[in-house]
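**Student:** Using only what follows, build the 3D model:
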Amino acid sequence: MYFSKIKLGLMKTKEASRQVKVWTENTTHDNISYIKYNISTEAEKSDLLFVAPIEQELSWHPECHDKMHGHNFNMILWIKEGKGMHYVDFDQHEVNGDVIFFLSPNNMHYYESISKQCGGYVIAFTTDFFEHIDSTIVNKMRHELFNNKEGANYCLVKNHINNQLQSYVNQMIEEVKNNGYNVLTNSILSSLLTLFLVTLRRNCDWNCKLNEVDRNTRSYKNYESFLHLVEKNYRCVHSAQDYAQELGISFCLLSKYTKEQVRQTPFEILTNRIMIDAKKMLRYSSLDIKEIAFKLGFNDQSYFIRYFRRNEGVAPVIFRNRERYWDNNDTSDESCEKGG
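**Tutor:** As a prediction, this is how the structure comes out:
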């Protein structure tokens, strides 16, 4: 496995005791080759946030422009100006200025036709950085914004809050520039990030419905436990009833809880998780259908084909050919234009 060390901007400040770096790793998972960016510091500090203009990010890491890549950190991608396409997992998003994406370490993504002249910011932070934010707020934000199991959440920024958001970002940059990384800096950065996220949640147009979440209810706790079990076992346990049994509750009660939280049945949640990986491997890997079926826990290829067709509407081979056709025959020649 090959590693290369790349210094990331903002980084050596006059009072800073460490320097932020990103390690790039060429890796393969499920026969899907991609670049993984790993955040680290000289002090190996795990609770870290940094901000960089998106045009600098694309300049420092030109390979992320059109190559699939992932991160070991959470990322807020604010594209203020410009046009192009942003692919997250297997979802395609048309960008036309002032949109913010929320990406977790589980997401893979890449840009297309977004040039270095685009304006915006990357706010990247480790999962441990959440510990600096008030627990009530962070639980809501992590659940709503960064834990989308079907891709990435995003919102359209309204004009009347643009200056307010820009002010929070500017203060983050100035805080690190003037004071480096330390306990007091993390406290200020977490407050600014909280203000940034709360302002977005209250004022933006979202791709999904954001609900109030009470994490102390039995309903939510069982729902969250179910999600954890699914994430660990979805490739080998395909029966929603088995998850209810593992949780020690009836399947009817589990269904009641999941419908209360996300208006989906346990079976729909489990199926969506399996289908995400199935579609990723079909689109981005060279595995044949039988190999994909086996990786997802289907010993019978014909059953997997029926399963996929039932949930996606087309057979796996048709889905693969269709997705690769559009990937290879993109006729868009629009480059990113400032103010677009």
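
**Student:** After the one helix or strand W78 maps to, heading C-terminal, what element do we hit next?
**Tutor:** If you go by DSSP states H and E, W78 is part of strand 74-81. Using DSSP H and E, the helix or strand that follows strand 74-81 in sequence is strand 83-88.

**Student:** Summarise which helices and strands that following strand is packed against.
**Tutor:** Packing partners of strand 83-88 (3 or more Cβ pairs under 8 Å, 6 or more residues apart in numbering; DSSP states H and E): strand 91-96, strand 99-103, strand 108-112. Where C-beta positions appear, they are placed from N, C-alpha and C, glycine not excepted.

**Student:** Direction-wise, compare the second one with strand 91-96 and give the angle.
**Tutor:** So the one you mean is strand 99-103. 150 degrees (axes from the mean of the first three to the mean of the last three Cα atoms, to 10 degrees).

**Student:** what angle separates strand 99-103 from strand 83-88?
**Tutor:** Using the same axes, to 10 degrees: strand 99-103 against strand 83-88 is 20 degrees.

**Student:** quick one: the strand holding W78 to strand 83-88, angle?
**Tutor:** 160 degrees.

**Student:** elements contacting strand 74-81?
**Tutor:** helix 54-60, strand 99-103, strand 119-125, helix 159-179.

**Student:** Reformat the ones you listed as a markdown table; add mean pLDDT, distance to H109 and mean neighbour count.
**Tutor:** Converted to a markdown table, the helices and strands packed on strand 74-81 look like this (pLDDT from 0 to 100; distance: least, Cβ to Cβ, whole Å; neighbours: other Cβ atoms under 10 Å):
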| stretch | mean pLDDT | distance to H109 | mean neighbour count |
| --- | --- | --- | --- |
| helix 54-60 | 73 | 13 | 18 |
| strand 99-103 | 87 | 6 | 23 |
| strand 119-125 | 88 | 12 | 22 |
| helix 159-179 | 92 | 21 | 15 |
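
**Student:** Please name whichever of these is nearest to I289.
**Tutor:** strand 99-103 (29.2 Å; Cβ to Cβ).

**Student:** Give me the contact list for the closest one.
**Tutor:** Residues from elsewhere that reach strand 99-103 (Cβ atoms under 8 Å, 6 or more residues apart in numbering): 71, 74-79, 86, 88, 93, 109, 145-146, 148, 152-157, 200, 204.

**Student:** what is the orientation angle of it with strand 108-112?
**Tutor:** 150 degrees.

**Student:** Can you list the strands that strand 99-103 pairs with?
**Tutor:** strand 74-81 (antiparallel), strand 153-156 (antiparallel) (DSSP bridges).

**Student:** worst average pLDDT in those strands?
**Tutor:** In terms of average pLDDT, strand 153-156 trails the rest of the strands paired with strand 99-103, at a mean of 83.

**Student:** Check the strands paired with strand 99-103 for me and report the most buried one.
**Tutor:** Highest mean neighbour count of the strands paired with strand 99-103: strand 74-81, a mean of 22 (counted as mean count of other Cβ atoms under 10 Å).
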